[in-house]
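Novice: model the following, please.
(one chain, ligands or ions: 1)
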Amino acid sequence: MTIQARGVVWRAGGRPIIDEIALDVVEHEFLGIVGPNGSGKTSLMALMSGLRAPHAGTVALAGRSLRHFTRREIARRIAFVEQQAETAERITARQAVELGRTPHLSALSPWQAKDDDIVDTALAEVGMASFAGRRWHTLSGGERQRLHIARALAQQPEILFLDEPTNHLDIHHQLGLLDLVRSRRLTVVAALHDLNHAAMFCDRIAVLDQGRLVALGAPRDVLTETMLADVFRVDAAVEADGNGNCLVRYARPGTVKEKCLQ
Ligand SMILES: Nc1ncnc2c1ncn2[C@@H]1O[C@H](COP(=O)(O)OP(=O)(O)OP(=O)(O)O)[C@@H](O)[C@H]1O
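Specialist: All right, here's what the predicted structure looks like:
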């Protein structure tokens, strides 16, 4: 399922936060959204997932404007794992994941054995099966984050939006999680801060700067030393990694200039 943003604008505090963005997300691609703090990554994902309505422009799902979808229709197709996702404290880990089934349930389609299977699979996929009975408030930040991902997987969306999904996770679980979502037949849009993870897992990367889309393309084409200097204000060397991809090596602030002065 494709998403198309056309001339999308969203304003707050008297200024455009998202400024005339046009972006097509291709079916089954893993699109990374990168950019400095405050560049508009979360805002853009909220607009593209229908959580927020644009002040100008349109977002369309498979060619049909999101304005014409009900909340439930959107929730059957799109899951969004927010940056600081909250869940009621009194529930168990399993109950948190069961919430992902909500858009698929109705009076005519009550909870069935297959819903249990879907929840079991999602818990196992994020390595949290043995935590199923644990109370939410007893879980660590990383365990909660993995359950938020499991809830989104249990929702069985066609498109998965992830806002800094590797927050709180150790490096094993960061790589495992990105690999897991990449391996599913899903369209994934993820805001990522780690540019090497973006290079490793994304088919394409969109770079935001002050609410504008300033670059879009394959990681090796987008992650250039010039872009890193101009947008992220860091000195870095970008090397080919031998698999047709690239690796960013950051310089300690000040070291490049000092070298030049020597
Ligand atoms: N409701 C609002 N009112 C005023 N300003 C807002 C509002 N929502 C977001 N902003 C501002 O819009 C800008 C973009 O915010 P957003 O959360 O989309 O950025 P981000 O790229 O996801 O940032 P980060 O990397 O820090 O998570 C920020 O400067 C933020 O302060």
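Novice: close to the ligand: what parts of this structure are there?
Specialist: 12-13, 17, 35, 37-43 (Cβ under 6 Å from any ligand atom). In short, each C-beta sits where N, CA and C put it, glycine included.
Novice: and the two most separated of these?
Specialist: Greatest spatial distance in the residues of the chain next to the ligand: G13 and G35, 18.2 Å, computed using Cβ to Cβ.
Novice: between the two, who's got more neighbours?
Specialist: Neighbours were counted for G13 and for G35 using other Cβ atoms under 10 Å; G35 has more, 24 against 5.
Novice: isn't the more buried one right up against D209?
Specialist: Yes: with contact defined as Cβ atoms under 8 Å, G35 and D209 form a contacting pair (5.9 Å).
Novice: joint contacts of these two?
Specialist: Taking Cβ atoms under 8 Å, 6 or more residues apart in numbering as the criterion, G35 and D209 both touch V231.
Novice: I33 pairs with what?
Specialist: According to DSSP bridges, the residues that bridge with I33 are A191, A206.
Novice: what are the neighbouring residues in contact with it?
Specialist: Per Cβ under 8 Å, 6+ apart, neighbours of I33: 41, 44-45, 189-192, 205-206, 208.
Novice: can we see that at 6 Å?
Specialist: Residues in contact with I33 (Cβ atoms under 6 Å, 6 or more residues apart in numbering) are 41, 191, 206.
Novice: most surrounded residue in those residues?
Specialist: Highest neighbour count within those, by other Cβ under 10 Å: K41, with 26 neighbours.
Novice: pLDDT weak spots in the stretch 1-150 of the chain?
Specialist: 85 (pLDDT under 70).
Novice: hmm, back to that, dump the residues of the chain next to the ligand to TSV, plus secondary structure.
Specialist: As requested, those are arranged in TSV below (DSSP: H, G, I helix; E, B strand; the rest coil):
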residue	secondary structure
A12	strand
G13	coil
I17	strand
G35	coil
N37	coil
G38	coil
S39	coil
G40	coil
K41	helix
T42	helix
S43	helix
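Novice: per-domain residue ranges of this protein.
Specialist: Domain assignment of the chain by automatic domain parsing yields the ranges 3-223, 226-262.
Novice: could you check how far A206 is from M45?
Specialist: According to Cβ to Cβ, to the nearest Å, A206 stands 11 Å off from M45.
Novice: ditto for N245
Specialist: 24 Å.
Novice: is it true that L213 lies in a strand?
Specialist: Yes: looking at L213 with three-state DSSP, it is inside a strand.
Novice: and it, what does it touch?
Specialist: 21, 206.
Novice: what does R135 give?
Specialist: Going by Cβ under 6 Å, 6+ apart, R135 touches no other residue.
Novice: run through the bridge partners of it.
Specialist: T92.
Novice: what about the closest residue to F232 other than its chain neighbours, how many neighbours?
Specialist: In this structure, F232 finds its nearest non-sequential neighbour in P36, 6.0 Å apart by Cβ to Cβ, 6 or more residues apart in numbering. By other Cβ under 10 Å, 16 other residues sit near P36.
Novice: could you do I78 as well?
Specialist: Around I78 there are 26 residues (other Cβ under 10 Å).
Novice: distance of it from S130?
Specialist: I78 is 30 Å from S130, by Cβ to Cβ.
Novice: now do H104
Specialist: When Cβ to Cβ is applied, the distance between H104 and S130 equals 26 Å.
Novice: please apply the same query to G141.
Specialist: Counting by Cβ to Cβ - G141 and S130 are separated by 18 Å.
Novice: and if you look at S49?
Specialist: 31 Å.
Novice: more neighbours: these two, which one.
Specialist: A direct count of neighbours by other Cβ under 10 Å for S49 and S130 places S49 higher, at 24 against 10.
Novice: for the more buried one, which residues are in contact?
Specialist: Counting by Cβ under 6 Å, 6+ apart, S49 has contacts 78, 80, 161.
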